[in-house]
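1. Below: sequence and its predicted model.
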Amino acid sequence: MQRFQERTVLITGAASGIGRAAARRFAEEGAFLVLVDRNEAGLAETREALPAGSEALLRTVDVSDEHAVDALVAEVIEARGRIHALCNNAGIAGGDYSGITETDTDTWRNILNVNLLGPVFFTRAVGRHMREQGGGAIVNTASVAGIRSGAGGNAYSASKAAVINLTKTAACDLGQYNVRVNAICPGLIETGMTKPVFDYARERNKEEKLGSRCELRRYGRPHEIAAAMAFLASDDASYITGQALAVDGGNTASLNLPGMKH
């Protein structure tokens, strides 16, 4: 498939994990990529992982810096003319699983700045251009943690729930301009963000338990999320907007029992 031939796709959080897998998937389908992350070395590694002949612009940007975001979007529009798809994928987990009465304020601010304000700033800046150009697709990376408890810390879960609601409200605002906004809600995926979870399980010979709460009885892989992301950004999803698609092996289809949070 070459669904993104001669199209520009901007991906944040592209230095590793789901972002890197998404970059590869979109490149395989012919996209010109704009890859964004704070990790310059990671971006270079992503560039090396792309198929031969891929075209990509790499930019080191903090997604929580609204002025840097606006400047980047203006640069891309000037260079490419338009942005066809935006993937708001950058995110942090924070590593804090303490209870609501113990989670410190800095943790809340740091996670919300990246996970929520990052998508807000990019959706605002790119959405203006998509509105003017008469169409586009935005895909936000949320999480099953934003759907129900048991999949992340308090601040992380709240940030992802906010991303899901942002997706719905933005879809309502931009739908009349043929701009679609959807969210992907990954379950347990092996990435740099979840590395501590996987390391912990493997050190204790409990890897078989990873993903055992999912109906498919396994954890997911970044390329599986990237495939869903590419679908929602493509014309194949032309009548889909305002949706939060769980890509979680069936995790959110089953009962969440007390005591499963940790």
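-> Nice, thanks for sending it over.
2. Which parts of the chain are helices?
-> 17-28, 40-49, 66-80, 105-112, 118-133, 154-174, 195-203, 222-233 (DSSP state H).
3. To residue 147, which of those lies closest?
-> helix 154-174 (7.3 Å; C-beta to C-beta). Yep, even glycine has a C-beta here, placed from its N, CA and C like the rest.
4. which intervals of the stretch 151-262 of the chain have sub-threshold pLDDT?
-> Along the stretch 151-262 of the chain, the parts satisfying pLDDT under 70 run over 192-204, 206-212, 255-262.
5. Repeat the analysis, applying 50 as the threshold.
-> Along the stretch 151-262 of the chain, segments meeting pLDDT under 50 span 261-262.
6. May I have stretch 85-102 as PDB, with CA atoms only?
-> This file holds the C-alpha atoms of stretch 85-102, laid out as PDB (Å, rounded to 0.1, in the frame of the first residue of the first chain):
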ATOM      1  CA  ALA A  85      -1.500  13.900   9.000                       C
ATOM      2  CA  LEU A  86      -0.400  14.600  12.500                       C
ATOM      3  CA  CYS A  87       0.400  11.900  15.100                       C
ATOM      4  CA  ASN A  88       0.500  13.200  18.600                       C
ATOM      5  CA  ASN A  89       2.500  10.300  20.100                       C
ATOM      6  CA  ALA A  90       5.000  11.900  22.500                       C
ATOM      7  CA  GLY A  91       4.300  10.900  26.100                       C
ATOM      8  CA  ILE A  92       5.900  10.100  29.400                       C
ATOM      9  CA  ALA A  93       4.800   7.700  32.200                       C
ATOM     10  CA  GLY A  94       6.500   9.500  35.000                       C
ATOM     11  CA  GLY A  95       7.300   6.200  36.800                       C
ATOM     12  CA  ASP A  96       5.100   7.200  39.800                       C
ATOM     13  CA  TYR A  97       2.500   4.700  40.900                       C
ATOM     14  CA  SER A  98       1.900   6.200  44.300                       C
ATOM     15  CA  GLY A  99      -1.600   6.800  45.600                       C
ATOM     16  CA  ILE A 100      -3.500  10.000  45.000                       C
ATOM     17  CA  THR A 101      -2.600  11.300  48.400                       C
ATOM     18  CA  GLU A 102       1.100  10.800  47.800                       C
END
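7. in that stretch, what's buried?
-> Within stretch 85-102, the residues scored as buried using 16 or more other C-beta atoms under 10 Å are 85-94, 96.
8. Of the helices of the chain, which stretch is the most buried?
-> helix 17-28 (a mean of 26; mean count of other C-beta atoms under 10 Å).
9. my read: residue 57 touches residue 83, true?
-> No: contact between residue 57 and residue 83 fails when scored by C-beta atoms under 8 Å: they sit 11.4 Å apart.
10. shared neighbours of those two, anything?
-> 34, 76 (C-beta atoms under 8 Å, 6 or more residues apart in numbering).
11. Pick out whichever of those two has more residues nearby.
-> Legend: neighbour count by other C-beta atoms under 10 Å for residue 57 and residue 83, higher for residue 83 (25 against 17).
12. doesn't residue 132 make contact with that one?
-> No: the pair residue 83 / residue 132 is not scored as a contact, 11.2 Å apart, by C-beta under 8 Å.
13. where's the closest residue to residue 99 other than its chain neighbours relative to residue 96, distance?
-> Leaving aside its sequence neighbours, residue 99 sits nearest to residue 154 (C-beta to C-beta, 6 or more residues apart in numbering; 7.4 Å). The gap separating residue 154 from residue 96 is 8 Å, by C-beta to C-beta, to the nearest Å.
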